[in-house]
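Colleague: Take this sequence and fold it.
(2 chains)
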Amino acid sequence: MAEVVDIFCSVSSKEIGKVRSWLIPSLCKQRQISRISLHLINYTGVGMVYDGPAQVGKVAIRELSKGTPCGFGEAHNFAFEKMVPADYFLIINPDVYCHHDCVSELVRRIESNTSAGLVEARQLPFEHPKEYEDSTGHTPWASGSCVFVKSSFFREVKGFDENFWMYCEDVDLSWRAWLNKYEVIHCRDAVAYHFTGAHYQYRDDRFYLEQFWCARNFIYLMYKFWGAEGEKKATRMLKETWYPEDFKAEAIKSFQQIKSKMTHQDCLLNMTARMLHANKIKVLGYNIYHVER
Amino acid sequence: MMQASRNCSLYRFIRDENLRPKILEWSNKYGFGPVTILKGQNFYSLLNDVIDNCPDEHALISCNDLAWPIGLGFALNGAIESADREFGPENWGVIGNFGMEYFSQKPLSYLRNKSCTVIPSSSGKPRPATFLDRNTLLLNLSNLRRLGIRLPSTLHGIHLHALVLMMECYKKGLVSAMDSHLYVMNLADFDHSQFKKEYSGAEFEDYISQFFINKTIATNHGPVNISNTIGYLIDPRKDKRLDYYGLVDQVVQKTYIERPKKIVTIVTRTMLGRMNQLFRLLDSIRIAALCSSDRLMIKVVLAVNNADPQTREANIEALMSEYGDLGISVSHTSDDKQYPRVHAMKSALGVIRDDSSFVWFVDDDDFIYPEAIQHLPSFLSDHSIFIGDSAIFEEKWEGEKTFPVKSKRIGTYKSDQYHECIMGDNKIPICSIIYPIAVVKQIFEKFRFLGDYTEDYALYLVASCSCEIVSMPMLIAGISFHGDNTILEKDRTHWHHSYTAFISEIVEKRVIPSWVCRFAHEKSSEIARLQAQIKEITSYHPQLAIPETSQPQPFEMPRKRWIGRRIEQSFRRFRKSTWKKIKVFICGN
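Modeller: Below is the predicted model of the structure:
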């Protein structure tokens, strides 16, 4: 087992309460892990969000800030460059409570498999209905809410694609793992409790950021991996959804803004490589990247 | 002559001058006291007039064709006192009698009108609202004036001024609510077309989209849909508008912060035979305890019954050392007791000293939702039972693991089914209910409860007949179906005897009023008739038949929806094939 496990958590003042009351106490209770370095990335870039003690039990806590607001991918790329974690690091949501064996199971799994690029924890009580192979744990994509990342892989693929800002960047990273001959693994024995959202599901009286970014990033993802044909298909699929016209138009407009900044090299159009992983890199419907388990 | 409340003026808004004599006559005849009649086609400006010029601290505003109760003053005093007590005199803006409740997100009605004649139960206390109908509004003028609340001069109409007033109140931190003290009879017809015209007008849409991000506001008269902009999605840093429902939540929660701390004791009956599942429950309690606010304290009592004497002490010791931070108390039920489930409950109650606290029975294979804990203090009251939702999980457990190796959510026990318990079957699992401890203690003093299984149903049935019920569509617990559940036992003999024992005692003690039983019988006959009709229809149209489902069915089967879907699918097929035929007809093959 590693001497110290690095953990990155992107956070603002809205979520810091959960970090204090759930995440840190759960990290303190991790078995077989002697030390944890929790790096809180202040994604707002303004002031300080954590004012608690720098050491809680075995957990050393430190706040990082780029000084400018940044999306999920950018925040983690920044933390990775700054902290240079040795072998692997954990990306975790602020509202997660880790089961006491969660981190050690993830470490065990990533250390026992040299080709693992990403190892995701299992979320409870709402298990993600995503497919995975029982024997290998292979899964098309790993959720960014609690995922262990091999540093060499992250460096090789140049981290997260910052164009996503938030949502779907984990699907993109997972697909790039498969394309670069790394495995994406679902670890059933590593449990992360993620209760948030149980009650506060989407209400239909408003739209949520997740709905917007998922719509925009869906087209971007399809364009990135399938080129113009993917963009066309994704746009058509978005247009078939129930969202009102102005919502769809804004999502498409936002995608066009990224597209105008992209070069041909940004598109991952290696069809042969993609075909090799056709059972992993796939889109089964609007924003659906897996078979339901 | 009976007077209105001492510090409350009475107003009637009318559009037709001919009504003036009639209203004045009622006022004299029934002793309501002086009534100011304001005539106009724009109730926004009339309401502003009242805020600016009323000499009193409170004002009751009603529409024209509406019957107030004789003894109106008592009702108004009751409503004002009740709101002052519940929210604090400084914290409320307007009280109505017909609207959408914040807690349950359902319509509440304390009036009789042409579409609703059902007698309401008492609100118990004012219930915070997200929408109020304009028919009767009790304004707290001192708060409105203190905070400079007025309605925008850009708005006109007669239907939505109450909603706009509420929104302005919430923006300034005042609660709006409904109270049964304001029960009236509304004799007027509701003008739906005028209502729709008002909310779809540019004035109203501009008002909403200037301050709020919502595209729909739920009302008792149907959804108010607004063409709103989505700038807050594109750059939330620039678009600082509010989510209306989030704002209501924030204001209501804030008014409850000052309340005394509430104590909820989680009682878990256990034979210490499923330790790994019990660990899962205690984990969830620990997470809840970590995020419980200053307003709520969680305690845990393990009601140990029929535990294996060889391992009992060691297991308890293991629990105490692992979960020392939870301050667990243990109650023991001697093994010779015949009805361990009921006795375990009684013995646990003996451990709980504070009679003003609450009790939450959660079985050892289930768990709680920590998120719910933060919101519970607002809903818990000494005189009411709180009911939330429970999610059902199909699970597989292996060895010593303290989490299921497989888990799939398969349904939900919905809190809003609480009233169906009168039909003879339990729709609300025990972990969905939080009782005031005094209520449960009283029931156990009064009832013998000589049974074992279905004791949760018996307890709920009796409690629901003596208490108010606050139901909230909020997940508070998770229920595990793992194959070894007692509810799945094939031999039902013990279940049947227990059920009979409980229900016969409840019947003999006249818990349920006879007319309620009669009403339920009528309803069940109606359901039987409907079922016969469905059977007949499906014999002609077998494609509409309901699929066979395996027993037990602990959660709502989407029967109607399923039939609806089949009809919709057939319609789509029909539409598709017709379209194809038309296409072939026009374009050829």
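Colleague: can you give me the strands for the stretch 401-550 of chain B?
Modeller: B:406-413, B:433-436, B:468-481 (DSSP state E, counting those that start in this stretch).
Colleague: Who are the contact partners of A:Glu3?
Modeller: Neighbour list for A:Glu3: A:Ser34, A:Arg35 [criterion: CB atoms under 8 Å, 6 or more residues apart in numbering or on different chains]. For the C-beta atoms, the positions are set from N, CA and C on the backbone; glycine is no exception.
Colleague: how far away is it from chain B?
Modeller: Counting by CB to the nearest CB, to the nearest Å, the gap from A:Glu3 to chain B is 27 Å.
Colleague: Equivalent analysis for A:Asp205, please.
Modeller: Applying CB to the nearest CB to A:Asp205 and chain B gives a distance of 4 Å.
Colleague: Give the bridge partners for the closest residue to that residue other than its chain neighbours, please.
Modeller: The shortest distance from A:Asp205 to any non-neighbouring residue, by CB to CB, 6 or more residues apart in numbering or on different chains, is to B:Thr216 (4.2 Å). Beta-bridge pairing for B:Thr216 (DSSP bridges): B:Asn225.
Colleague: And B:Thr216, what's its pLDDT?
Modeller: Per-residue confidence at B:Thr216 stands at 95 (pLDDT).
Colleague: Could you check how many residues crowd around it?
Modeller: By the criterion of other CB atoms under 10 Å in any protein chain shown, B:Thr216 has 15 neighbours.
Colleague: Now do the contacts for it.
Modeller: A:Asp204, A:Asp205, A:Arg206, B:Pro223, B:Val224, B:Asn225, B:Ile226.
Colleague: ok, now B:Ser9?
Modeller: Contacts of B:Ser9 (CB under 8 Å, 6+ apart): B:Pro34, B:Thr36, B:Val50, B:Cys54, B:Pro55, B:Asp56, B:His58, B:Ala59, B:Leu60.
Colleague: The last one: what secondary structure?
Modeller: Reducing the assignment to helix, strand or coil with DSSP: H, G, I helix; E, B strand; the rest coil, the entry for B:Leu60 is strand.
Colleague: picking that back up, just name the closest of the contacts of B:Thr216 to B:Ala501, please.
Modeller: A:Asp204 (45.9 Å; CB to CB).
Colleague: With adjacent residues omitted, what lies nearest to the closest one?
Modeller: Nearest non-adjacent residue to A:Asp204, counting by CB to CB, 6+ apart: B:Thr216, 6.5 Å away.
Colleague: Likewise for B:Tyr457?
Modeller: Nearest to B:Tyr457 is B:Asn426, by CB to CB, 6+ apart, at 3.9 Å.
Colleague: Look at that neighbour and say how many residues are nearby.
Modeller: 20.
Colleague: Let me see the backbone angles for it.
Modeller: phi -80, psi 130 (degrees, to the nearest 10).
Colleague: Show the pLDDT at it.
Modeller: Confidence at B:Asn426, expressed as pLDDT, is 90.
Colleague: State the mean pLDDT of the lengthiest strand in chain A.
Modeller: The longest strand of chain A (DSSP state E) is strand A:183-193. For strand A:183-193, mean pLDDT is 96.
Colleague: Which positions in it come out as buried?
Modeller: Within strand A:183-193, the residues scored as buried using 16 or more other CB atoms under 10 Å in any protein chain shown are A:Glu183, A:Val184, A:Ile185, A:His186, A:Cys187, A:Arg188, A:Asp189, A:Ala190, A:Val191, A:Ala192, A:Tyr193.
Colleague: any idea how far the fifth one lies from B:Phe211?
Modeller: Translated: A:Cys187. 47 Å (CB to CB, to the nearest Å).
Colleague: How about B:Val362?
Modeller: For B:Val362, the distance to B:Phe211 - CB to CB - is 42 Å.
Colleague: care to break the chain down by domain?
Modeller: You didn't pick a chain, so chain A it is. For chain A, automatic domain parsing gives the domain ranges A:4-193, A:209-276.
Colleague: try chain B instead
Modeller: According to automatic domain parsing, the ranges for chain B are B:8-190, B:259-512.
Colleague: right, so of those, which gets closest to A:Pro25?
Modeller: The nearest among these, by CB to CB, is domain B:259-512 at 5.7 Å.
Colleague: shaky segments in chain B?
Modeller: B:1-6, B:335-337, B:546-589 (pLDDT under 70).
Colleague: how about the residues of it that lie near chain A?
Modeller: B:213-218, B:229-230, B:233-234, B:236-237, B:243-245, B:283-284, B:287, B:290-291, B:367, B:369-372, B:375, B:391, B:393, B:401-405, B:407-409, B:474-475, B:478 (CB under 8 Å from any CB of the partner chain).
Colleague: Which one's more surrounded, B:Val362 and B:Phe211?
Modeller: More neighbours surround B:Val362 than the other of B:Val362 and B:Phe211, with 25 against 17 (other CB under 10 Å).
Colleague: need the contact list for the closest residue to the more buried one other than its chain neighbours.
Modeller: Nearest residue to B:Val362 in three dimensions, chain neighbours excluded: B:Cys431, at 4.6 Å (CB to CB, 6+ apart). By CB under 8 Å, 6+ apart, the contact set of B:Cys431 is B:Trp360, B:Phe361, B:Val362, B:Asp363, B:Asp366, B:Ile368, B:Ser390, B:Ile476, B:Ala477, B:Ile479.
Colleague: Ok, A:Ala75 next?
Modeller: A:Phe8, A:Ser10, A:Ile41, A:Tyr43, A:Lys66.
Colleague: From those residues, pick the one nearest chain B.
Modeller: Comparing these against chain B with CB to the nearest CB places A:Tyr43 closest, at 12.0 Å.
Colleague: what's the pLDDT at the closest one?
Modeller: 96.
Colleague: Isn't it up against A:Thr68?
Modeller: No: between A:Tyr43 and A:Thr68 there is no contact under CB atoms under 8 Å: 9.7 Å.
Colleague: Make CSV out of the buried residues of strand A:183-193 and add distance to A:Ala177.
Modeller: As requested, these are exported to CSV (distance: CB to CB, whole Å):
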residue, distance to A:Ala177
A:Glu183, 7
A:Val184, 5
A:Ile185, 10
A:His186, 13
A:Cys187, 15
A:Arg188, 19
A:Asp189, 21
A:Ala190, 18
A:Val191, 22
A:Ala192, 20
A:Tyr193, 25
